[in-house]
Structure formats: C-alpha cells, structure tokens
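Colleague: A structural model of the following input is requested.
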Amino acid sequence: MELEKYIRNVPDFPKPGIQFKDITTLWKDPKAFKESIDMLYQRYRDKKIDKVVGAESRGFIVASPLAYLLKAGFVPVRKKGKLPYKKIEVTYNLEYGTDTVEMHEDAISSGENVLIVDDLLATGGTVGAIIELVNKLGGNIVEAAFIVELDFLKGREKLNIPVYSLVHYSEE
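Modeller: Numbering: from 1, shown residues only. Coordinates of the predicted model:
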C-alpha cells in the first residue's frame, strides 16, 4: 500500500510557505491506518521492545496500538504540567523560544528496550528531548519510528539513534 496517497497536503499551514502533511486522512481510512501500524509492528515484533514511548499528542495515536501489538508498555511524554506524578523534564529549543516535555520518573526501568514513536519527524527537537528523558532513566533506545519524515529538514541528522520512517518527503 502506498501510504503517501492517503496523506493530505495543506498549503500555507500553519503559516505561509509551509506545506503541512496531514496524516489524519490516513488515520480515517481503516485499511491505511491498519497497514501503517502493521508495517511498524512487522519491523519491531522480534526486537524485544519493553516500552513504546509516544510523543504528545499525535504520537499517542501511533504508539498505543503498536505497544498493544508488541505486548509492551506504553509511556506518554507530555508537555509540562500535564502528568500527575513525580516526573523528569527536558527543555529544548523551538524556532521561536523553548518548550518542555515530561515523563514520569518510574516510566522506564534501567536496561529496558525502548522504541520512541511519533507521527512525523521534522527538525528533531521533540524527539531529541525524548531521547534525553529515556537516557536519564537508563532505557536502551532501539530506534525512533515515524509515519512521515520530512527529509529536507534533516531532523534525523540531529538524533544520535537509528531512525525509521514509513513515508519520506524530500522537499517542501
């Protein structure tokens, strides 16, 4: 299945000049959504994944069913102030300012095999912060997985871990 056929291009969103890759059109199609999750499952089913870490909020949509299929735990990474228990945090740079993400301090045990999942890899800022969180807890990062990767933004180059994406866009 050619997943890119199910991804809508939205010009000038969220600002002029940006070609937004909308994967809600992939998710609303039962066959395309199932195929995307199945493709990721096939890649990781023999990797002995203990935890699947999903980035707020769209990463939850991909990470949750994948964790279920892998018989792994699901760990949400949330924006600052959204988690109710003791947590660790990392602040990272955005194009204009900073943002902070958090994870519960008991979400991952040292030595557990971790898969990081988000819907889309752009500049790599959020995933870089998640990598720091997992490393703080002693997790063994197997890979980071995405439905879409915007290759022209070179986010992969900023991450010091293996990266896998189902759909690649080489230009805006």
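Colleague: Now stretch 11-31: average pLDDT?
Modeller: Mean pLDDT, stretch 11-31: 94.
Colleague: try stretch 63-80
Modeller: 98.
Colleague: Please verify my assumption that Lys87 contacts Asp106.
Modeller: No - counting by C-beta atoms under 8 Å, Lys87 does not reach Asp106; the two are 9.4 Å apart. Glycine gets a C-beta too; all of them are placed from N, C-alpha and C.
Colleague: more crowded one of those two?
Modeller: Ranked by neighbour count (other C-beta atoms under 10 Å), Lys87 and Asp106 place Lys87 first, with 19 against 11.
Colleague: Bridge partners for the residue nearest to the more buried one when sequence neighbours are not counted, pull those for me.
Modeller: Of all residues not flanking Lys87 in the chain, Glu102 sits nearest, at 4.4 Å (C-beta to C-beta, 6 or more residues apart in numbering). For Glu102, the beta-bridge partners under DSSP bridges are Arg78, Glu89.
Colleague: before we move on, what about Phe74?
Modeller: Beta bridges link Phe74 to Val52, judged by DSSP bridges.
Colleague: how deep is it tucked in, by neighbour count?
Modeller: Counted with other C-beta under 10 Å, residues neighbouring Phe74 total 18.
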